[in-house]
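Visitor: mind folding the following:
(2 chains)
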Amino acid sequence: DAGVIQSPRHEVTEMGQEVTLRCKPISGHNSLFWYRQTMMRGLELLIYFNNNVPIDDSGMPEDRFSAKMPNASFSTLKIQPSEPRDSAVYFCASSPSTRSSYNEQFFGPGTRLTVL
Amino acid sequence: AQSVTQLGSHVSVSEGALVLLRCNYSSSVPPYLFWYVQYPNQGLQLLLKYTTGATLVKGINGFEAEFKKSETSFHLTKPSAHMSDAAEYFCAVQNSGNTPLVFGKGTRLSVIA
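Guide: Model (predicted):
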């Protein structure tokens, strides 16, 4: 299995531009999580989906951020317009839903976003 | 609400010395507890986890951690540090199967030759 795939791995953009981050979860996993990592705040949840449905988006900073999961194999995180304070590493993670009470989350390599 | 506190943002040890990274948590329900490791410019890798059962759990690369409910702690240890252990370590808590992880701020481990 290829693991969780994220693209691009690095993105440099200018303030005001639209940025789209992409994630392909592991096949068969039906929970998907977007996390953001910054020096100041560490790792924090932005939003997560179960079976393509957003469950909790309380971590999304503001209306400039939006996330979609149109099908089980693809999710996007969009920032429009981007600001320098959005510079961070964005991680996608997926996990299966089984009868087990615990299901491991597998992380992608992350997208390092720099907004100038 | 759940929270995780990692004492020490940076820990430095000599090669061959004991590694001890501290983690305390707060949770209103019995939690699942995790340690992740992040090498430079890479994603997070699960080091070990506690879900139920034995409170001393062993993970990869010789690491282990002990869940102490009375102390709300889940400290990570390794008897003898290797240069390759230099990385960032994150403690995390989860209150049920498919819910998000809540992470501590991380501890950067440096290993001195």
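Visitor: residues touching residue 20, list them.
Guide: You didn't say which chain, so I picked chain A. Shown in contact with residue A:20 (CB atoms under 8 Å, 6 or more residues apart in numbering or on different chains): A:76-78. For glycine as for every other residue, the C-beta is placed from the backbone atoms N, C-alpha and C.
Visitor: try chain B instead
Guide: By CB under 8 Å, 6+ apart, the residues touching residue B:20 are B:11, B:75-77.
Visitor: which of those residues has the largest number of neighbours?
Guide: residue B:76 (23 neighbours; other CB atoms under 10 Å in any protein chain shown).
Visitor: what sits against that residue?
Guide: Taking CB under 8 Å, 6+ apart, one finds B:19-21, B:23, B:35, B:47-48, B:63-65, B:89, B:91 in contact with residue B:76.
Visitor: can you classify it as helix, strand or coil?
Guide: Here residue B:76 is recorded as strand under DSSP: H, G, I helix; E, B strand; the rest coil.
Visitor: need the residues of chain B near chain A, please.
Guide: B:32, B:36, B:41-46, B:49, B:51-52, B:90, B:94, B:96-106 (CB under 8 Å from any CB of the partner chain).
Visitor: give me the buried entries from the contacts of residue B:76.
Guide: In the contacts of residue B:76, burial by neighbour count holds for B:19, B:21, B:23, B:35, B:47-48, B:63-65, B:89, B:91, counting by 16 or more other CB atoms under 10 Å in any protein chain shown.
Visitor: pLDDT below threshold where in chain A?
Guide: Scanning chain A with the threshold set as pLDDT under 70 gives A:1, A:98-101.
Visitor: quick check, residue B:40 in a strand?
Guide: No. Counting by three-state DSSP, residue B:40 falls outside a strand, being coil.
Visitor: which residue packs closest to residue A:74, ignoring adjacent ones?
Guide: Distances taken as CB to CB, 6 or more residues apart in numbering or on different chains put residue A:24 closest to residue A:74, at 6.0 Å, once the chain neighbours are dropped.
Visitor: give the bridge partners for that neighbour, please.
Guide: Residue A:24 has these beta-bridge partners by DSSP bridges: residue A:5.
Visitor: wait, what's in contact with it?
Guide: A:4-6, A:73-75.
Visitor: check those residues and tell me the two furthest apart.
Guide: Spatially, the most separated pair among the contacts of residue A:24 is A:6 and A:73, at 13.4 Å (CB to CB).
Visitor: report the contact partners of residue A:56.
Guide: Counting by CB under 8 Å, 6+ apart, residue A:56 touches A:45, A:47-48, B:100.
Visitor: up against chain B, what does chain A have?
Guide: A:4, A:31, A:33, A:35, A:42-45, A:48, A:50, A:56, A:91, A:93, A:95, A:97, A:100-105, A:107-110, A:112.
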